[in-house]
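Q: below are the sequence and a predicted model; questions follow.
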Amino acid sequence: MRKVCKKKGIQLVSLASMFLVFGFTILIVVSALAASGADYPAKPVLFYCLSTPGSGFDTTTRAIVNALTKEKLVKVPMPIENASNATQALALSVTRYKGDPYMVSVQSISGMMRYATGATPYTHKDFTPLAGLVSTYYGVAVRMDSPYKTIGDLVKDLKEKPEKTPICGGGSDDRPFYGAMFMKAGLDITKVVYVAYSGGAETSMAIMEGSSKAAINSVDEQMPLIEGKKIRLLAVSSAKRYTNPILKDVPTLKESGIDLEWANMRYAFAGPEYPDYAKKYWLDIFAKMVKTPTWKQTLTRYNWDDSFQVEGLNDVLDKKQAVVTEVITKLGMAKKQ
Amino acid sequence: MDSHIWSNLFMGFGIAFTLQNLWWLFVGVFLGTVVGVLPGLGSLSTMAILMPMTFGMDPISAVIMLTGIHYGSSYGGSTTSILVNIPGEGSSMMTCMDGYPMAKQGRAKAALATSAIGSFFAGTVSALLLMFLAIPISSLGMKFGPPEYFAVMLLALTMVGSLSTEAPLKGIFMVLLGLLLAVIGTEKQTGQIRFTFGVDDLMDGVNFIVVAIGMFGVTVVMDESERIWRFGFKPPRDQIKGAGLWITWSELKQSFMPYVRGTFLGFATGVLPGLGGMTATLLAYGVEKQVSKHPETFGKGAIEGVASVEASNNAANGANLVPLMTLGIPGNASTALLLGAFIMYGLKPGPLLMETNPEFFWAVVASLYIGNVMLLILNLPLVNLFAKLLDVPEALLNGLVLALCVLGVYTRESSMVELYLMILFGVFGYFAQRYKYPVAPLLLGLVLGDMLEQALLRSMSVSNGDPTIFFTRPISLVIMIAAGISLAYSFMKFYRRRPEENVG
């Protein structure tokens, strides 16, 4: 009786060990597959948005997720997580998401500005830029009944009576652009009175109410009031004029005699040491996404410009960072070395 | 013009009263109430989470649902403020001041009821104002530049006088401390970082909701624990068993004028982009205490305090829609999210919205009326249910409250530093209470500090450093005079009392 028991025991043990071996093999195979990314993505991919709901980053992130879902390009869920503290979030995307294939985020000039002023030690070299996606351009706006007809009129007043000609922008991120623009126009930019607001709605209010003479902000953020004929643009920073019928008469900066083109590119990025298979996957997905009707419709609705770019993305970012740092240094806002 | 409004409104009701839109409206206000009750989970994050779901929906249904969450949250926000002294939403912070003392006196149901009725009153009146006055008001809002904003902040800051009638010097000390705390973080004009001591979590400043949860919620837990430790367990508030009586007719009459004043102040503040519900509630509470015949009851369970605050935050929520609908200008993060959603749905927000998509504007207005009725019907029966929470034994309730505090702060940013801050301010609040330092002025300073500074810096930039700008612009001058009167009035009240009472 006891012998049988013992025999059964051995059988059980061997059965169990067989299962274990099988189990392990499957586990190893699966994890090997996961490491090579054959079944990537196998779980939800987090879209980590570096700022609050309603902001530019947030709108872009939501637009991407919307297009990928609607066009059924990505099968796994893509939850969006918002951070309210962009500087901290940027640091987290480098430290917490190091090597994590399941995080994608969107970044633009605001990170460069933070690096230039010393708020963050990280640049695009510290994470993995994936692809440039959309560009927004600046528009120099004035109130509908403003005496300024061209950007030259504004520059003239800024030269002659800068203290009487305050201009405003949507936060400190817009400083590099107005600095670069007025440097090209031959002004002493340290004399320009610049009032920082948060976002395009507030700057539009400031010129409508009259305390600021001109507003510098993304064209897309100013659209509601341009369409409503409350404000108008003196110039746009794009290389070519907008094709939109309301904007087609607005000259570019170059046409207005200021030799500058400025695009604020929003690009997708991931954490440092991003696995190659994941990078390949997302580059492929984004390349498909930008061709879909949903994405094209999104671009028209938000007045964004398609700037899909993979090759040479790093060069573009390097160059922009150099310009940003130069202007910020000139404004005396650069980090103390 | 008038018949025009009515026919438009009928059209709006026609759209809002379809089964599909009613359903989404209900989903919105229900979710709004729920997330309002839960501390930490605000209407903003809920709207953000649900937005992807709405992309497949009819745009009007989607916007009706999202705005439902937006104004529904301030109905629920008062619940935890009243029952356990934790503000469910930032704009319900001031509800703690009198709501919680009322609950301790066994008047939890009265407090919850007055807050639901006040929210309904304010929500409905602000829908009316939105309908008739949206366009004239929005053009008035366009006359508000930095100097006017600064004047409004200053007016709000003078409320410190009425918030600390018992000990003015202590009140001034606390408000200064609050202003000092507001300096921490990134300065918005230049992007300079101040007083963060290398802690990334402080880059965005000290968040008032963290401080409020600490100073209200954690402090109360410490207070109760001390009482239990000293006097042992008592049967759970014997006289409160069943959480007391429903609101009485005389309490309702007492609440009526505060509703009116709160609604007016809330709407006026909410129309101005960037000011937000917090400023509205601080102003409403301060004014209510100033006009009251018995200001000494405030902070000790005055129903007027709860009534005016709850009316004002709801009116402000309704008023936020004015600049959004008429100009495409979002006044806060929630409306900025709505703006993004509008564009995603293919609408063109801005001054043209009412011309190009009138059915959209009027459907939202109509849904405000219906939504507020739904919220009232939904919230009044909940009063009984929520009040049952007070039957939980105190020792258990204490743990629960602390857990809620931690949850509320941690879900915000997943930040440990903010948790430490919450505890720090809890301990601070405990000692402040013991030595009779009023808490409200600190929060007043913290909430207004940043906006006050930005408005001052912007005013000084545009005037080239000339301070007379505050007195040469008519609107700014009027508000400045109001601030002066408010300050003088507090002084007068203070010195009229017997000298021995005046010891700070």
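A: Structure received.
Q: domains in chain A, by residue range?
A: According to automatic domain parsing, chain A comprises the domains A:46-135+A:263-330, A:137-236.
Q: okay, those domains, which one's buried deepest?
A: The highest average neighbour count among the domains of chain A, using mean count of other C-beta atoms under 10 Å in any protein chain shown, belongs to domain A:137-236 at a mean of 21. For every residue, glycine as well, the C-beta is placed using N, CA and C.
Q: tell me where the stretch 51-200 of chain A has helices.
A: Taking DSSP state H, counting those that start in this stretch as the test, the helices found in the stretch 51-200 of chain A are A:56-70, A:86-95, A:109-117, A:151-160, A:175-184, A:200-209.
Q: may I see the ones you listed organised as TSV, with mean pLDDT and distance to chain B added?
A: Output for these, formatted as TSV (pLDDT from 0 to 100; distance: least, C-beta to the nearest C-beta, whole Å):
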stretch	mean pLDDT	distance to chain B
helix A:56-70	91	5
helix A:86-95	87	4
helix A:109-117	89	5
helix A:151-160	96	14
helix A:175-184	93	8
helix A:200-209	89	4
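Q: and the ones you listed: which comes nearest residue B:25?
A: Smallest distance to residue B:25 across the helices of the stretch 51-200 of chain A (C-beta to C-beta): 22.9 Å, for helix A:56-70.
Q: who's in contact with the closest one?
A: For helix A:56-70, the surrounding residues in contact (C-beta atoms under 8 Å, 6 or more residues apart in numbering or on different chains) are A:47, A:49-52, A:73-74, A:78, A:80, A:82, A:86, A:105-108, A:110, A:133-134, A:136, A:218, A:221, A:266, A:268, A:285, A:289, A:292, A:294-295, A:298, A:302, B:48, B:51-52, B:55, B:337, B:340, B:343-344.
Q: repeat for stretch B:366-381
A: The contact list for stretch B:366-381 (C-beta under 8 Å, 6+ apart) reads B:9, B:12-13, B:15-17, B:21-22, B:25-26, B:28-30, B:32-33, B:64, B:67-68, B:71-72, B:75-76, B:113, B:116-117, B:119-120, B:123-124, B:126-127, B:130, B:318.
Q: dump the domains of chain A into CSV; add distance to residue B:213 as well.
A: As requested, those are arranged in CSV below (distance: least, C-beta to C-beta, whole Å):
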stretch, distance to residue B:213
domain A:46-135+A:263-330, 16
domain A:137-236, 25
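Q: which among the contacts of stretch B:366-381 count as buried?
A: Burial by neighbour count, 16 or more other C-beta atoms under 10 Å in any protein chain shown: within the contacts of stretch B:366-381 this picks out B:12-13, B:15-16, B:21-22, B:25-26, B:28-30, B:32-33, B:64, B:67-68, B:71-72, B:75-76, B:113, B:116-117, B:119-120, B:123-124, B:126-127, B:130, B:318.
Q: show me where pLDDT drops low in the chain?
A: No chain in the question, so chain A it is. For chain A, applying pLDDT under 70 flags the ranges A:1-16, A:18-19, A:21-37, A:336-337.
Q: the intended chain is chain B.
A: Applying pLDDT under 70 to chain B picks out residues B:1-3, B:234-245, B:497-504.
Q: relative to residue B:37, how far out is the residue nearest the centre of it?
A: By C-alpha atoms, centre = their mean, chain B has its centre lying nearest to residue B:91, at 1.9 Å. Distance, residue B:91 to residue B:37, using C-beta to C-beta, to the nearest Å: 14 Å.
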